[in-house]
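# have a look at this prediction, sequence included:
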Amino acid sequence: MIDVNAHVLLIYTGGTIGMIENMETGALEPFNFSHLRSNVPEMKRLNFQVDTFIFEPLIDSSEISPDKWREMVEVVKAHYNDYDGFVILHGTDTMAYTASALSFMFENLTKPIIFTGSQLPIGKLRTDGKENLITALEIAADKNYDGHPIVPEVCIFFQNVLFRANRTTKINAENFNAFSSADFPSLAEAGVTIRYNSNIILKPDYTKDVLFYESLDDSIAVIKIFPGISPEVFSAVLNVESIKAVVLETYGSGNALCDDWFLSDLKKAVEKDIVIVNVTQCLYGTVEMYRYETGQNLLKAGVISGYDLTTEAAIAKLMFLFGLKKTPDEVRKLMQVSLRGEMNVDK
Ligand code: ASP
């Protein structure tokens, strides 16, 4: 139910949705917000109030960094009590990383934070941006009969589907359905009406305050295993002085090569207290290291399971936990617990 007294803050960070073609180079470049507003006159017809906050400078999301994530948290924090919900316009390229990071940077979130963007600029005739923007604003303003927001979560809304942010991955550079949440059902689907999947939406404790976290530690590496991976490259990454954690992208249900150099490098890294988290390269499914001998070897080497975490969420969670100054042992423990609905640890 849309609350007609609702106030939503629309935060515009950049991305294709607001871009315009440079006539000389043909490249898409960020444009100013009046362009976005004038191209969506439908916004005036919403029966609740939308204010805007514009990032300066606007950026293509390939240029995003943890500093920008902090800025986003600061903006939401500064305006948290003044609004019922927030919509963040962001480029699609790194939206899953940013939205995953923000999901950890708020604890006991009591208001919706909905990320959206588009594959075609909003000024183009066939744009997907209008639909994404208008429905994201409606979801941010939607309330239950008890007056609480229907979706007090960090989400991505794209092409009629509302996803839990930390379950998403960008899977398509061409089609309008750019995102997938392979291991977790959608939180809502927008058709003639918006159908919410209420039983899986997180429920905060409204008697407690929301907590905002701004410190992140980026001493993280990602290593994707592939047949022929070179011992030199592998050990070079594990021996980087400042590394605190490695997201190891393995095959299938969490399997990797069994070569002595590989397992002994991993063991040495674990002995140096580097946290190694096993996530699968597959879009669907979870890590089960007990299933094959190759996975069991990783367990013996001290690698921990990332279950069905996406790489985006694994990076964000590690940055968040080390940002909290947790010890490697504490990080290992908390990586086995779902903090914001980011993983299923049943298996
Ligand atoms: N390069 C753009 C960005 O991520 C792509 C997009 O918005 O879809 O900012």
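Arrived safely. The structure presented is a predicted model; accordingly, all values stated were derived computationally and were not measured.

# where does this structure have low pLDDT?
The chain contains residues with pLDDT under 70 at 2, 32-33, 347.

# which parts of it sit against the ligand?
Neighbours of the ligand within the chain, by CB under 6 Å from any ligand atom: 14-16, 60-62, 91-93, 117, 119. All C-beta atoms are positioned from the backbone trio N, CA, C, and that covers glycine.

# let me know how buried the closest residue to the ligand within the stretch 1-150 of the chain is, in neighbour terms.
Closest approach between the stretch 1-150 of the chain and the ligand, counting by CB to the nearest ligand atom: Gly91, at 1.9 Å. Gly91 has 25 neighbouring residues, counting by other CB atoms under 10 Å.

# related to what we said a few turns ago, of the residues of the chain next to the ligand, grab the buried ones for ChimeraX.
Typed into ChimeraX, the line below selects the buried ones among the residues of the chain next to the ligand, using 16 or more other CB atoms under 10 Å:
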select :14,15,16,60,61,91,92,93,117,119
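
# could I get the full set of strands for the stretch 1-150 of the chain?
Per DSSP state E, counting those that start in this stretch, the stretch 1-150 of the chain carries strands over the ranges 7-12, 19-21, 28-30, 49-54, 85-89, 106-107, 113-116.

# whichever helix or strand Ala316 is part of packs against which elements?
Using DSSP states H and E, Ala316 falls within helix 311-323. The contact analysis (3 or more CB pairs under 8 Å, 6 or more residues apart in numbering; DSSP states H and E) places helix 311-323 against helix 95-105, strand 220-224, strand 245-250, strand 275-280, helix 328-334.

# deepest in the core, which of those is it.
Highest mean neighbour count of the helices and strands packed on helix 311-323: helix 95-105, a mean of 28 (counted as mean count of other CB atoms under 10 Å).

# what lies in contact with it?
Contacts with helix 95-105, where a contact means CB atoms under 8 Å, 6 or more residues apart in numbering, come from 15, 61, 64, 66, 68-69, 72-73, 88, 90, 113, 115, 117, 153-156, 164-166, 168-170, 179, 212-214, 216, 310, 312-313, 315-317, 319-320, 339-340, 342.

# so what's whichever residue of the stretch 151-300 of the chain sits closest to the ligand up against?
Residue nearest to the ligand within the stretch 151-300 of the chain (CB to the nearest ligand atom): Ala178, separated by 7.2 Å. Residues near Ala178 by CB under 8 Å, 6+ apart: 92, 119, 158-159, 170-172.

# can you do 6 Å?
Residues in contact with Ala178 (CB atoms under 6 Å, 6 or more residues apart in numbering) are 92, 119, 158, 170, 172.

# any chance of the residues you listed in CSV, with distance to Glu21 too?
Below are the contacts of Ala178 laid out as CSV (distance: CB to CB, whole Å):
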residue, distance to Glu21
Thr92, 17
Gln119, 15
Phe158, 22
Lys170, 22
Asn172, 22
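
# and the contacts of helix 95-105, which of them are buried?
15, 61, 64, 66, 68-69, 72-73, 88, 90, 113, 115, 117, 153-156, 164-166, 168-170, 179, 216, 310, 312-313, 315-317, 319-320, 340, 342.

# can you add distance to Gly129 and give the strands of the stretch 1-150 of the chain back as a markdown table?
A markdown table is the format used below for these (distance: least, CB to CB, whole Å):
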| stretch | distance to Gly129 |
| --- | --- |
| strand 7-12 | 12 |
| strand 19-21 | 10 |
| strand 28-30 | 12 |
| strand 49-54 | 15 |
| strand 85-89 | 9 |
| strand 106-107 | 26 |
| strand 113-116 | 8 |
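
# appreciated, that's everything.
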